[in-house]
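Engineer: Give me the fold of what follows.
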Amino acid sequence: MPPSRFQDGYLEEGLTILDRVLRIDPRYPGAWRFKAKLHRMQGATSAEQSARKRAEDTER
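Structural biologist: Just a heads-up that it's a prediction; the model follows:
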């Protein structure tokens, strides 16, 4: 999905795509970081923190 789609407000669609990516490779920290960013854009603080922690955990 092109980044402009996220900028246009298609955050839920972006999260759905990231969920698919993470089902294939749950240890992909870049996907977790991007997921955290999308949650932050939605104002979902708890979900953002959870995704950020998963990104940090996968980088260890």
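
Engineer: Might you report the residue contacts of the residue positioned nearest the centre of the chain?
Structural biologist: Nearest to the mean C-alpha position of the chain, by Cα atoms, centre = their mean, lies K35 at 0.9 Å. Applying Cβ atoms under 8 Å, 6 or more residues apart in numbering, one finds that K35 lies in contact with L15, L18, L22, A51. All C-beta spots, glycine's among them, are computed from the backbone N, C-alpha and C.

Engineer: what about the third one, neighbour count?
Structural biologist: Going back to what we said before, that points to L22. 17 (other Cβ atoms under 10 Å).

Engineer: can you check the last one too?
Structural biologist: Around A51 there are 24 other residues, counting by other Cβ under 10 Å.

Engineer: check contacts around it.
Structural biologist: A51 neighbours (Cβ under 8 Å, 6+ apart): W32, R33, K35, A36, H39.

Engineer: Isn't the fourth one up against E56?
Structural biologist: It stands for A36. No. Contact between A36 and E56 fails when scored by Cβ atoms under 8 Å: they sit 10.0 Å apart.

Engineer: quick one: which of those two has more around it?
Structural biologist: A36 (22 against 13).

Engineer: What helix or strand is that one located in?
Structural biologist: Assigning secondary structure by DSSP states H and E places A36 in helix 29-42.

Engineer: next one: that helix to chain centre, how far?
Structural biologist: 3 Å (Cα atoms, centre = their mean, to the nearest Å).

Engineer: Which positions within that helix qualify as buried?
Structural biologist: Within helix 29-42, the residues scored as buried using 16 or more other Cβ atoms under 10 Å are A31, W32, R33, F34, K35, A36, K37, L38, H39.

Engineer: out of those, who's nearest A47?
Structural biologist: The closest of the buried residues of helix 29-42 to A47 turns out to be H39 (Cβ to Cβ; 4.1 Å).

Engineer: quick one: pLDDT of the closest one?
Structural biologist: For H39, the pLDDT comes out at 93.

Engineer: Return the residues in contact with it.
Structural biologist: L15, T45, A47, E48, A51 are the contacts of H39 under Cβ under 8 Å, 6+ apart.
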